[in-house]
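S.K.: Using only what follows, build the 3D model:
(chains A, B, C and D)
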Number of protein chains: 4
Amino acid sequence: MGKEGIRYAAKVSFDKPASEQEVLHNRWHPDVPFAGTIKNGEIVKIECVDWTGGQIKNNDSADDVRNVDLTKIHYLTGPFEIETAEPGDILLVEIQDVQPFEDQPWGFTGIFAKENGGGFLDELYPKAAKAIWDFEGIFCSSRHIPGVRFAGLIHPGILGCAPSPEILATWNKREGELIQSCSHMDRIVAQPPNTTNVHAGSASSDIKEKVGKEGARTIPGRPEHGGNCDIKNLSRGSKVYLPVHVKGAKFSVGDLHFSQGDGEISFCGAIEMAGVITLKFTVMKGGVKELDMKSPIYIPGPVEPQFGPGRYIYFEGFSVDEHGKQHYMDATVAYRQTCMRAIEYLRRFGYDDYQIYLLLSCAPVQGHLAGLVDIPNACTTMGVPMDIFDFDISPHVKAEKKDMGSCAYASS
Amino acid sequence: MGKEGIRYAAKVSFDKPASEQEVLHNRWHPDVPFAGTIKNGEIVKIECVDWTGGQIKNNDSADDVRNVDLTKIHYLTGPFEIETAEPGDILLVEIQDVQPFEDQPWGFTGIFAKENGGGFLDELYPKAAKAIWDFEGIFCSSRHIPGVRFAGLIHPGILGCAPSPEILATWNKREGELIQSCSHMDRIVAQPPNTTNVHAGSASSDIKEKVGKEGARTIPGRPEHGGNCDIKNLSRGSKVYLPVHVKGAKFSVGDLHFSQGDGEISFCGAIEMAGVITLKFTVMKGGVKELDMKSPIYIPGPVEPQFGPGRYIYFEGFSVDEHGKQHYMDATVAYRQTCMRAIEYLRRFGYDDYQIYLLLSCAPVQGHLAGLVDIPNACTTMGVPMDIFDFDISPHVKAEKKDMGSCAYASS
Amino acid sequence: MGKEGIRYAAKVSFDKPASEQEVLHNRWHPDVPFAGTIKNGEIVKIECVDWTGGQIKNNDSADDVRNVDLTKIHYLTGPFEIETAEPGDILLVEIQDVQPFEDQPWGFTGIFAKENGGGFLDELYPKAAKAIWDFEGIFCSSRHIPGVRFAGLIHPGILGCAPSPEILATWNKREGELIQSCSHMDRIVAQPPNTTNVHAGSASSDIKEKVGKEGARTIPGRPEHGGNCDIKNLSRGSKVYLPVHVKGAKFSVGDLHFSQGDGEISFCGAIEMAGVITLKFTVMKGGVKELDMKSPIYIPGPVEPQFGPGRYIYFEGFSVDEHGKQHYMDATVAYRQTCMRAIEYLRRFGYDDYQIYLLLSCAPVQGHLAGLVDIPNACTTMGVPMDIFDFDISPHVKAEKKDMGSCAYASS
Amino acid sequence: MGKEGIRYAAKVSFDKPASEQEVLHNRWHPDVPFAGTIKNGEIVKIECVDWTGGQIKNNDSADDVRNVDLTKIHYLTGPFEIETAEPGDILLVEIQDVQPFEDQPWGFTGIFAKENGGGFLDELYPKAAKAIWDFEGIFCSSRHIPGVRFAGLIHPGILGCAPSPEILATWNKREGELIQSCSHMDRIVAQPPNTTNVHAGSASSDIKEKVGKEGARTIPGRPEHGGNCDIKNLSRGSKVYLPVHVKGAKFSVGDLHFSQGDGEISFCGAIEMAGVITLKFTVMKGGVKELDMKSPIYIPGPVEPQFGPGRYIYFEGFSVDEHGKQHYMDATVAYRQTCMRAIEYLRRFGYDDYQIYLLLSCAPVQGHLAGLVDIPNACTTMGVPMDIFDFDISPHVKAEKKDMGSCAYASS
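M.R.: Numbers count the residues shown, from 1 in each chain, chains lettered A, B, ... in the order given. Take a look at the predicted model:
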């Protein structure tokens, strides 16, 4: 046998907009046409654009982040027809590898402006900011956050099979009710279907219009199919078990991350990148009933970075907010406090808060639900690996404030 | 030098009630008298009763759990005077070892009845239930949950320094406001000071009365001092950094756990036990300001059980509840769903739901905050180590329903 | 049920010599009488003396090491009758726990004098030396080797079943031939049977004499039964599969180590201690044939200290000796060179060579057979965990020579 | 900034023989001309051919292995001039990544015939054999060894700086003396300089002749510079510290391995492949004296596959050979026995011995020097990760002999 390689199920172009490429789409809908066919048992490579479809540039200004058009994100590659897959089956997807493109060895982490996207800490940090990361093999470092370097736990942020019409209707009803019930709130609580900038792959204009009107936005993960789960450990070697809802599965993937922390707190919080994912597909007939599965399950791969448990520093947070208000068993409030404790600790070394906010979003931090039963305080923890810093951040070393430069900000 | 050992700073008795032992107490209050003195830099052993002070028996009925008197729990050993410690210092506590008593090689996990304590899943599982665990060296197994055996990540559920009067006042105000604002709710949201069964160590009756009226209940962890954090990884070799609020620190410890899962979901959800903890104390002068510390931090020890990342099966949950209602970014709702997914998966092997609920509470499961920014769905995950089962629970093996017996239930 | 615990199969005394205790013995021979009986499936505790039977003291002189009587070491506890075990079976021994005695929280590491025992580097380091280690829970530190502290990977140095008469004869013949063929060498190459200070438990004087004349010395491990394997990873949670050669198995155990490095290079190179081991015994009928087993196998436990692979510094050695002589594929020579490289590296911090020799013997260093096929050089490596030092030993930090005191030496 | 990538310091061709490419060479000699220049601090990519320079084909016959021309192997890429490097410096080489070529997703493991190369077990297994491995992202599997699949711990087998003339003279003298002293032995013990098929890069014919006459063969690693160390853990993220002996360092690299076991026992025992390595170079001025370094040291990367210690099965071997002869403290003999124990265990599942010999050579097995001081028996161990098999190989499951096909053999 001579030279050969693994088949590409889809290639993307960087010479034309994501919105014009037929192998991409940006809505979950059963009617988006197939972008290709993959055999049961086959291993293929699939190219993906970055999650903004190229809106963010490798420069030192966050104007692009501030002005990002959120109707033009999350271009997924697919949907693919997986031969023999039918509703009720499980699609087992093994992540054999994920790589950035060789000629694009960089990625970015963004903090969205509070008025355009926001993030987990936007009440405290409302400005747009950005860090560019350079990839050096399996490692990355950033001129915007000096003193830090780590191996990426590289993974896809989004993967899933298309919803059936019934499931799609459930999503739209459920999220619509939330929007209605929260109409008094001063923030966007969910993204309903939106025809602006809808991309439905190679769909005819009729289908595209239908997809725009009904199609689920890609932003949230959803229990019935997974989708945008942003699970940092879904890296090389992982196996994901996805329920199939339509004939041929209509599997899509995108939003590749070089690395992410638990929570992905700054929203555009992973190290976002374009790249290639190598996947193996296996259909497990009748698997949904067999496993009594309502949401995806997964088994991580064997090659996570290992720091040793004693090389993490853990911060604790409780469901008492920054105004001293006691919340009842609210893990979301607790984790926000946990993040604040980490920021306060790390700013002693000279970082500004936005740098740390970016770092905690994308570095391999461990976010744990420690205690959820001791009323009224939920307790969560965040473990920050000390070895990602090139200086000693342990509590026993006197913190020395260094000049840590700045992340990229938007012009004012 | 001849035979010698590490000094016991306190011993407990199993021949008289916890409420009569002067080295124990069950409230956080600055006026509880010192139970002993420990030098800065000293290593000592401290004996602890189990968290119910002996109310739960090694038998096959959960009547004791159903009838547990919640005013008689959490007897902590201490408070100890740590020489030279003053407000503003950090007390570094190194956990050198934790051991059950040699003649009590067993512990228990309880599900409290919804009307007496409850737990994370009490809407679904309102009955009292119990599992007894036998300790075999570093391992444990239970006649009430067959097919499972694991090494304990042994740790204290509660440790902390006494609050200052000011901090105590803050707690009472803050939690009081919550109680008031939730008065319409059909559940107890917090435990205010309660004079019933107050135990203030060797305090005079005046002081004891004061401690009863003002003293904070030990149930929740609190940001200012830690307390009942129930952090499963705070095991042998860990270092905890605790803020000191009163002269001499008044350090207390108790609620030893042979093992616990992230979340400790069934409330009495760890493997509760009596035992001995070996601690080293070091005062870091002025440490609170130096580390800009508002809540405790910790660094885990190097000896956690290692299963390999590929030996976990991970379940995903989202903030859509079991009635199909969409919640906005609620990690608590998401984790409850995650637990349900694990229960559904494991019941296929013949376990009943209460057995699994008990198991997920006390086995070393990993609960992660995966994604907290993709509106409206928070996503959490729970990783269950497959190697704690003596049969193969991986998705590729057909589940065989076995006779798994029963956990202990209350008589009806 | 009330108070209870795990049964002690044997207790030792520190008030009378090891040589007078009937539960101890110091030869491998099928005729040593049973010291007790253990059921198939039973978990028991077994007490052990340290490997010198108390000859080494907790002081600052190595006179005791220099003068050690090597006919009075390795008192093993047993042999135990394991019910139902017969030749051809496998005895599965699960190590549930190992603990030092609570009132003897210390151990020692010795370098034997070249003329009395020697060690792996005795050509270079011929003097007797000693380090005393204090146990602080799962950690140990030594006044004789400052700057170092680590969690012990606690384990038994010796465990095995008695040989059959045939196997014993094989051993004596095989080792006798070696002694004869090496009679020109300037060193003791094996220890033949020796009647001096033989201890055969409760044996009658006839049996005792026979055991002395024929019984195998306990120093080497041997392929047919394991014995003195000195495998550092045989720690809590490990399962060892031992071939049974005589009816009832006649299982013995001893030589407990708080910690040891791969190679145990200084001979008395582990942290030797007295203590208690908790074991579970299971007979696998006909297992030897079933597993086609000629030497013991084992599966480590899940709780080894984890430093993370990037927290080791690895030294390389080749089969070229310190005189520049090229040896052919000799891994023993290569590992000696590897040890020398580590000593040279560490002495830059102020340690003297004997301190490092002691440390590399007992700390959890990883000794690997890297390459054994690239003629003529065998290549071995030794990984030293950097986190056992309380200062930074990484190559990027300028080594600062500190006052590191001294290990204990013999008086001159 | 637009598209860009990491610079290639050297590219290889698969359209012409390795012997004709100026960026390759196959001897260690200070006069091999530079193949390129790399800045201090630079990150570059370097392409490498496989260690046979293309002699082995992706087919089902081992004729190519049997007939391999051992004078045409180990074509290294380089030597590179590292700017500012001078004798006495250390060259720090960080391995940022190693990848097979995208269009050559396969590699091979070979057993050389005893009369042409041989291997660690050639007395027992004298025939030529081969296994082809297919790469699926980070995993590999082989049609010649069914039932096995694992993530590669990908690494370079050879890297080092050129020797000075003095060091080269030492090597030739030292190995020449061994050859002389072993002239009675029935095997080749070392490979002296050989002018046949010498390749000295772009050297003039004079220089090439000199390199042929004096140049050291690449087969053994050597203490003074490392070279062919075949250290399986020198994978992504590792840092290697190499002594510099000539101006500009003259660094070379090659012999990429997708995976290897400790010992690389079958000689061509790794999964050999062509590919690309990404390296970062940093010169540490005067580092050799500073670190008192005689042989390379290294620090592994953080991303080794993690199986968990309890997922290995360990075999023990002692320095008693297969004829029952007792050797004195010979770790090489002991490791050979250890390998035999693993082969005996695994053949029960239907594998033939050559398949297992190949597998133990290239899978990530752990080879440890357990005990080296208990005269006369050295004890070594080999840990085989159970999770690389797709069936359960643990001792508690009855071994079922399956049809495991065959590895590739040479025609007779």
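S.K.: Do you have the strands of the stretch 251-400 of chain A handy? List them.
M.R.: A:267-272, A:275-284, A:297-299, A:312-318, A:366-371, A:379-385 (DSSP state E, counting those that start in this stretch).
S.K.: Equivalent analysis for the stretch 101-250 of chain A, please.
M.R.: Under DSSP E, counting those that start in this stretch, the stretch 101-250 of chain A gives strands at A:106-111, A:129-136, A:139-142, A:149-151, A:155-161, A:221-222, A:226-227, A:239-243, A:249-257.
S.K.: give the contact list for the residue in chain A that chain C sits nearest to.
M.R.: Relative to chain C, the nearest point of chain A is residue A:308 (3.5 Å; Cβ to the nearest Cβ). Where you see a C-beta, it was placed from the backbone N, CA and C, and this is true even at glycine. Taking Cβ atoms under 8 Å, 6 or more residues apart in numbering or on different chains, we find residue A:308 in contact with B:302, C:306, C:307, C:308, C:311, C:387.
S.K.: got it, and residue A:336?
M.R.: With Cβ under 8 Å, 6+ apart, residue A:336 has these contacts: A:120, A:121, A:317, A:321.
S.K.: pLDDT at the first one, what is it?
M.R.: Which is residue A:120. We have a pLDDT of 94 for residue A:120.
S.K.: for the one 5 residues further on, same thing?
M.R.: Among the per-residue scores, residue A:125 shows a pLDDT of 96.
S.K.: Count the neighbours of residue A:23 for me.
M.R.: Other residues near residue A:23 come to 24 when the count uses other Cβ atoms under 10 Å in any protein chain shown.
S.K.: how close does it sit to chain D?
M.R.: According to Cβ to the nearest Cβ, to the nearest Å, residue A:23 and chain D sit 20 Å apart.
S.K.: Chain B contacts on the stretch 51-200 of chain A?
M.R.: A:90, A:92, A:119-120, A:170, A:174-175, A:177-178, A:182, A:188-191 (Cβ under 8 Å from any Cβ of the partner chain).
S.K.: Report the contact partners of the residue of the stretch 101-250 of chain A found nearest chain D.
M.R.: Residue of the stretch 101-250 of chain A nearest chain D, by Cβ to the nearest Cβ: residue A:137 (2.6 Å). Residues in contact with residue A:137 (Cβ under 8 Å, 6+ apart) are D:43, D:95, D:96, D:97, D:236, D:237, D:278.
S.K.: Could you point out which residue ranges in chain A have low pLDDT?
M.R.: A:1-3 (pLDDT under 70).
S.K.: Show me what from it comes close to chain C.
M.R.: A:306, A:307, A:308, A:309, A:310, A:311, A:387, A:392.
S.K.: domains for chain A, by residue range?
M.R.: According to automatic domain parsing, chain A comprises the domains A:8-291, A:309-409.
S.K.: can you put those in TSV and add distance to residue D:342?
M.R.: Listed next are the domains of chain A as TSV, based on distance: least, Cβ to Cβ, whole Å:
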stretch	distance to residue D:342
domain A:8-291	25
domain A:309-409	31
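S.K.: thinking again about what came up before, not counting residues beside it along the chain, what's closest to the residue of chain A closest to chain C?
M.R.: residue C:308 (3.5 Å; Cβ to Cβ, 6 or more residues apart in numbering or on different chains).
S.K.: ok, now residue A:136?
M.R.: Closest to residue A:136 by Cβ to Cβ, 6+ apart is residue D:96, at 4.8 Å.
S.K.: Can you work out which other helices and strands pack against the helix or strand where that neighbour lies?
M.R.: Here residue D:96, judged by DSSP states H and E, is contained in strand D:90-100. Strand D:90-100 sits against strand D:155-161, strand D:239-243, strand D:249-257, strand D:275-284, helix D:287-290, with contacts defined as 3 or more Cβ pairs under 8 Å, 6 or more residues apart in numbering or on different chains; DSSP states H and E.
S.K.: and the fourth one, what does it pack onto?
M.R.: The one in question is strand D:275-284. Against strand D:275-284 (3+ Cβ pairs under 8 Å, 6+ apart) you get strand D:43-48, strand D:90-100, strand D:249-257.
S.K.: Run through the bridge partners of residue A:366.
M.R.: residue A:383 (DSSP bridges).
S.K.: residue contacts, it?
M.R.: Counting by Cβ under 8 Å, 6+ apart, residue A:366 has contacts A:262, A:312, A:381, A:382, A:383, B:368.
S.K.: who wins for neighbours among those residues?
M.R.: residue A:381 (29 neighbours).
S.K.: so that one touches residue A:316, yeah?
M.R.: Yes: contact criterion Cβ atoms under 8 Å: residue A:381 and residue A:316 qualify, at 5.4 Å.
S.K.: joint contacts of those two?
M.R.: Common neighbours of residue A:381 and residue A:316 (Cβ under 8 Å, 6+ apart) are A:338, A:370, B:231.
S.K.: what does the stretch 301-412 of chain A put close to chain D?
M.R.: So the stretch 301-412 of chain A meets chain D at A:301, A:302, A:303, A:304, A:305, A:306, A:307, A:387 (Cβ under 8 Å from any Cβ).
S.K.: Please tabulate those in JSON lines, including the columns distance to residue B:9 and neighbour count.
M.R.: Formatted as JSON lines, those follow (distance: Cβ to Cβ, whole Å; neighbours: other Cβ atoms under 10 Å in any protein chain shown):
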{"residue": "A:301", "distance to residue B:9": "46", "neighbour count": "26"}
{"residue": "A:302", "distance to residue B:9": "44", "neighbour count": "27"}
{"residue": "A:303", "distance to residue B:9": "45", "neighbour count": "27"}
{"residue": "A:304", "distance to residue B:9": "40", "neighbour count": "24"}
{"residue": "A:305", "distance to residue B:9": "40", "neighbour count": "24"}
{"residue": "A:306", "distance to residue B:9": "36", "neighbour count": "24"}
{"residue": "A:307", "distance to residue B:9": "34", "neighbour count": "24"}
{"residue": "A:387", "distance to residue B:9": "35", "neighbour count": "19"}
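S.K.: Adding distance to residue B:270, write those out as JSON lines.
M.R.: As requested, these are exported to JSON lines (distance: Cβ to Cβ, whole Å):
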{"residue": "A:301", "distance to residue B:270": "30"}
{"residue": "A:302", "distance to residue B:270": "29"}
{"residue": "A:303", "distance to residue B:270": "32"}
{"residue": "A:304", "distance to residue B:270": "26"}
{"residue": "A:305", "distance to residue B:270": "29"}
{"residue": "A:306", "distance to residue B:270": "27"}
{"residue": "A:307", "distance to residue B:270": "26"}
{"residue": "A:387", "distance to residue B:270": "30"}
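S.K.: List the contacts of the nearest residue to residue A:400 once chain neighbours are set aside.
M.R.: Among residues not flanking residue A:400 along the chain, residue A:349 sits closest, at 7.0 Å (Cβ to Cβ, 6+ apart). The contact partners of residue A:349, taken as Cβ under 8 Å, 6+ apart, are A:147, A:391, A:393, A:399, A:400, A:401, A:402, A:404.
S.K.: same thing with residue A:6?
M.R.: Residue A:6 touches A:43, A:44, A:45, A:278, D:105, D:136, counting by Cβ under 8 Å, 6+ apart.
S.K.: residue contacts, the last one?
M.R.: By Cβ under 8 Å, 6+ apart, the contact list for residue D:136 reads A:6, A:43, A:96, A:278, A:280, D:105.
S.K.: For it, name its beta-bridge partners.
M.R.: Beta-bridge partners, per DSSP bridges, of residue D:136: residue D:139.
S.K.: For stretch A:5-17, buried residues please.
M.R.: The neighbour-count check on stretch A:5-17 (16 or more other Cβ atoms under 10 Å in any protein chain shown) flags A:6, A:9, A:10, A:12 as buried.
S.K.: quick check, nearest of those residues to chain D?
M.R.: residue A:6 (6.1 Å).
S.K.: quick one: the nearest residue to residue A:215 once chain neighbours are set aside from residue A:54, how far?
M.R.: Spatial nearest neighbour of residue A:215, excluding adjacent residues (Cβ to Cβ, 6+ apart): residue A:27 at 3.0 Å. Residue A:27 is 19 Å from residue A:54, where distance means Cβ to Cβ, to the nearest Å.
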